[in-house]
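*Asks:* Quick one, structure for this:
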Amino acid sequence: FTSLCLTPEYGGPHGNGVTQMALIGFDDGSYLELIAPVKKDAPKIASASDWGNFIVADAGPCAWAVGSTDLTADVDRLKKNGISIKGPNNGSRKKPDGTTIEWQTAQVGDNGVGAVLPFMIQDKTPRELRVKPSASVKGGPLTGIALVVIGVKNLDDAVATFRKAYGLNAPKLEDHKDFGAKLAHFEGTPVVLAAPLDPSSWLAERLSKFGESPVAYLLGTRDFAASEKSYRSNVETMWFGRKVRWLEVGKVGFSHLGIVSQ
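*Replies:* All right, here's what the predicted structure looks like:
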């Protein structure tokens, strides 16, 4: 990430004593979080973290979250919509300056924490202690996480799940052979669902190995041209009428990270 001019800032170990994190905070309040074992080859990582299997395999994207200001009300609303919920659960970590921060999360749906439907998080300590714009991106052309691309095995089933949970309108659909997926985008949301076009594609292989989960993140920008110059990227493509450029594939492991126009 540092090689892409997206320098994460170390945030300290989690309260589970097994994982630690670094964070890239954006101006709009969203963030990318990197998680790794506190100790290399930690024997408990697979069972101690909800994303242990991804971490062990260095798989890149594994989850996403949405913030909540009233977790109890949001949990009740989703339950009334027939969506299963686990939690709320308490979480914490100790920052390098010694400050302890705390939050609560709730798993939404049955696919794993943040795998398809986003898990919810509400801060118990002031949010600015947990997330703030990072020096490497603050005031720059990037605004934050604009789109989360979620790999799914069955597009119709995934679309139905999102519409049931959030009352969304039917999504727009597009085939993208270069990405190897049929895409569904719910306008006005950050959600893009991606189902493999080819059973031998990278996406089908990833789904077979890790199950349904985010496979890419697209960063919004207030100046697409400036972002192209600032961040090394590949050939431009179009998704749902918006310009997309993927940052140099391979620079961030198995993950896909790109920029998207407004």
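*Asks:* would you say K79 is within a helix?
*Replies:* Yes: the assignment for K79 is a helix, going by DSSP: H, G, I helix; E, B strand; the rest coil.
*Asks:* so how many other residues sit close to it?
*Replies:* 11 (other CB atoms under 10 Å). For glycine as for every other residue, the C-beta is placed from the backbone atoms N, C-alpha and C.
*Asks:* how long is stretch 65-72 from one end to the other?
*Replies:* 16 Å (CA to CA, to the nearest Å).
*Asks:* From the rest of the structure, what touches it?
*Replies:* Stretch 65-72 is contacted by residues 29, 74, 88, 104-106, 114, 118-123, 127 when judged by CB atoms under 8 Å, 6 or more residues apart in numbering.
*Asks:* chain center to that stretch: distance?
*Replies:* 16 Å (CA atoms, centre = their mean, to the nearest Å).
*Asks:* buried ones in that stretch?
*Replies:* A65, G67, S68, L71 (16 or more other CB atoms under 10 Å).
*Asks:* Please identify which of the residues you listed is nearest to K132.
*Replies:* The nearest member of the buried residues of stretch 65-72 to K132, counting by CB to CB, is G67 at 14.1 Å.
*Asks:* Report the rounded mean pLDDT for stretch 104-120.
*Replies:* Throughout stretch 104-120, pLDDT has a mean value of 95.
*Asks:* quick one on the thing from earlier: I55: which of the buried residues of stretch 65-72 is nearest?
*Replies:* A65 (16.6 Å).
*Asks:* Which strand residues bridge that closest one?
*Replies:* Here A65 sits in beta bridges with F119, going by DSSP bridges.
*Asks:* Now go through the contacts of stretch 65-72 and say which are in helices.
*Replies:* D74, R127 (DSSP state H).
*Asks:* Could you work out the most separated pair of the contacts of stretch 65-72?
*Replies:* Among the contacts of stretch 65-72, G29 and P88 lie farthest apart (CB to CB), at 20.9 Å.
*Asks:* Comparing these two, which residue is more hemmed in?
*Replies:* With neighbours defined as other CB under 10 Å, G29 and P88 compare such that P88 has more, 19 against 15.
*Asks:* hmm, back to that, which among the contacts of stretch 65-72 end up buried?
*Replies:* Using 16+ other CB under 10 Å, the buried members of the contacts of stretch 65-72 are 74, 88, 104-106, 114, 118-123, 127.
*Asks:* burial measure for N16, as a count.
*Replies:* Count around N16 with other CB under 10 Å applied: 14.
*Asks:* Then it would be within a strand, right?
*Replies:* No: using three-state DSSP, the assignment for N16 is coil, not a strand.
*Asks:* Could you report the pLDDT at the closest residue to it other than its chain neighbours?
*Replies:* In this structure, N16 finds its nearest non-sequential neighbour in A48, 5.3 Å apart by CB to CB, 6 or more residues apart in numbering. Note on A48: pLDDT of 70.
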